[in-house]
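here is my input; please provide its structure:
(one chain, ligands or ions: 2)
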Amino acid sequence: MIRVGVVGTGMIGQDHIHRITNVLKGAQVTAVNDVDEQRARQACAKEHLDAEVYESGIDLIQAPDVDAVIVTSWGPTHEEFVLAAIEADKPVFCEKPLAVTAEGCKRIVEAELQKEKQYVQVGYMRRYDKGYKALKKLVDEGQVGEPLVVHCAHRAPSAPNFSEDMPLTDSFPHEIDTLRWLLDDEFVSAQVVLPRKTSHSSIQDPHIILLETEKGTRIDAEIFVNCQYGYDIHCEIIGEQGIANLPEPASVLMRKQAKRTNEILVDWKERFLEAYDKEIQEWIDSVQAGKVTGPSAWDGYKVALTVEACVEAKSSREIIAVHKQEIPSLYAASDKLLKE
Ligand SMILES: NC(=O)c1ccc[n+]([C@@H]2O[C@H](COP(=O)([O-])OP(=O)(O)OC[C@H]3O[C@@H](n4cnc5c(N)ncnc54)[C@H](O)[C@@H]3O)[C@@H](O)[C@H]2O)c1
Ligand SMILES: O[C@H]1[C@H](O)[C@@H](O)[C@H](O)[C@@H](O)[C@H]1O
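Ligands and ions are numbered 1, 2, ... in the order given. As a prediction, the model looks like this:
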């Protein structure tokens, strides 16, 4: 049994505690921490956990009876906790973002390079979603030919707590990671187009982001976080032989009162429920096997570089180059292994 310590017992921290305790195999949550100690205690009570509540995240990470760490605190605190886990020689699953700046992500990459070992998995769960996996298989097999254009949409019903750039820094990273993985390609430039604003929010919403990849594929993504109607994720790949669409979640088609209707999900937790389960189970398995897999610190860094280009593109209204970086051999080797 892997003894897991969770730093940050808010919404997704509690969600991961629940799945480790009730759904997944091979791990138990034995330690928790939150700046709001009451919340940490409530999270334990909710799952009837006999876990130790630590006063500080760093103490939890260093505790000898914690084998592996999950970081689900607020984004700006991730870097410190991930660095502490690497320092303590412990595998760490960090919810997105790996760090809030590309510089911060680079420090984490450098810490791993110094230890010549990967410790980090970043919480980009879409790679574990059945629909995205099917899409990737089809692209890898060349069934639609070379991808030329990708249309994406990431819509959420409302985001009352979002500040101005959060659609780019908080929501769009999921597309950034998924598309690098799906297309096996890197981004070279970003442009952000600002359409008419919805009256349902005070921030700019929606955004249209245009990305270009090294191979020349063009991506347009609509990020609309106050769309009102549901949580709705689309991805359509236009290839030279055909078109492939991300499957919609299964829902009953109903005929009633002269209408045909399908339900649309509203909660992101439900849309990617199975993907979160798979993601954390594979992380547990990889910790047991002594070899961390999944989205790496390098992937987290590449996402952050692309996010920074998007934020600059938004404020300057110009096309901004995404910084090119050579992949260090530590990550190139595990990337190759994962593909085999
Ligand atoms: N992969 C996904 O789809 C997904 C979904 C939701 C959230 N997230 C990410 O997970 C993280 C948490 O999001 P959330 O929605 O659960 O937020 P939340 O606000 O519900 O929970 C965060 C918790 O962290 C605690 N915290 C803050 N600073 C801390 C510190 N220094 N030490 C210990 N605890 C601290 C807060 O008190 C809070 O309880 C964010 O980075 C978010 O982007 C990812
Ligand atoms: O933090 C959340 C979470 O990562 C969701 O998966 C995403 O759809 C939201 O846009 C984001 O705000």
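
so where does His174 fall, helix or strand?
helix 173-183 (DSSP states H and E).

do that helix and ligand 1 meet at all?
No. Figure legend: helix 173-183 not in contact with ligand 1 (Cβ under 6 Å from any ligand atom); closest approach 6.8 Å. C-beta coordinates here come from the backbone N, C-alpha and C atoms, glycine included.

what's that helix packed up against?
Here helix 173-183 touches helix 130-140, strand 147-155, strand 207-213, strand 218-224, strand 232-239, helix 297-316, going by 3 or more Cβ pairs under 8 Å, 6 or more residues apart in numbering; DSSP states H and E.

how about 10 Å then?
Applying 3 or more Cβ pairs under 10 Å, 6 or more residues apart in numbering; DSSP states H and E, one finds that helix 173-183 contacts helix 130-140, strand 147-155, strand 187-193, strand 207-213, strand 218-224, strand 232-239, helix 297-316.

doesn't Lys106 make contact with Leu83?
No. Here Leu83 does not reach Lys106: they are 11.7 Å apart, not a contact under Cβ atoms under 10 Å.

the more surrounded of these two?
Leu83 (21 against 17; other Cβ atoms under 10 Å).

and the more buried one, what's its pLDDT?
Note for Leu83: predicted pLDDT of 98.

which SS state does it fall under?
helix (DSSP: H, G, I helix; E, B strand; the rest coil).

what residues does it make contact with?
When contacts are counted by Cβ atoms under 10 Å, 6 or more residues apart in numbering, Leu83 touches Ile58, Ile61, Val92, Ala99, Gly104, Arg107, Ile108, Glu110, Ala111, Glu112, Val120.

in a markdown table, list those residues along with neighbour count, pLDDT and secondary structure.
Shown next, in a markdown table, are these (neighbours: other Cβ atoms under 10 Å; pLDDT from 0 to 100; DSSP: H, G, I helix; E, B strand; the rest coil):
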| residue | neighbour count | pLDDT | secondary structure |
| --- | --- | --- | --- |
| Ile58 | 18 | 98 | helix |
| Ile61 | 26 | 98 | helix |
| Val92 | 28 | 98 | strand |
| Ala99 | 26 | 98 | coil |
| Gly104 | 21 | 98 | helix |
| Arg107 | 15 | 98 | helix |
| Ile108 | 26 | 98 | helix |
| Glu110 | 15 | 98 | helix |
| Ala111 | 20 | 98 | helix |
| Glu112 | 22 | 98 | helix |
| Val120 | 27 | 98 | strand |
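
out of those, which is nearest to ligand 2?
Among the contacts of Leu83, Ala99 lies closest to ligand 2 (Cβ to the nearest ligand atom), at 15.2 Å.

picking that back up, report the distance from the helix holding His174 to the chain centre.
A distance of 9 Å separates the centroid of the chain from that of helix 173-183, by Cα atoms, centre = their mean, to the nearest Å.

and the angle for it with strand 187-193?
Inter-element angle recorded for helix 173-183 and strand 187-193: 140 degrees (by axes from the mean of the first three to the mean of the last three Cα atoms, to 10 degrees).

perfect, that will be all.
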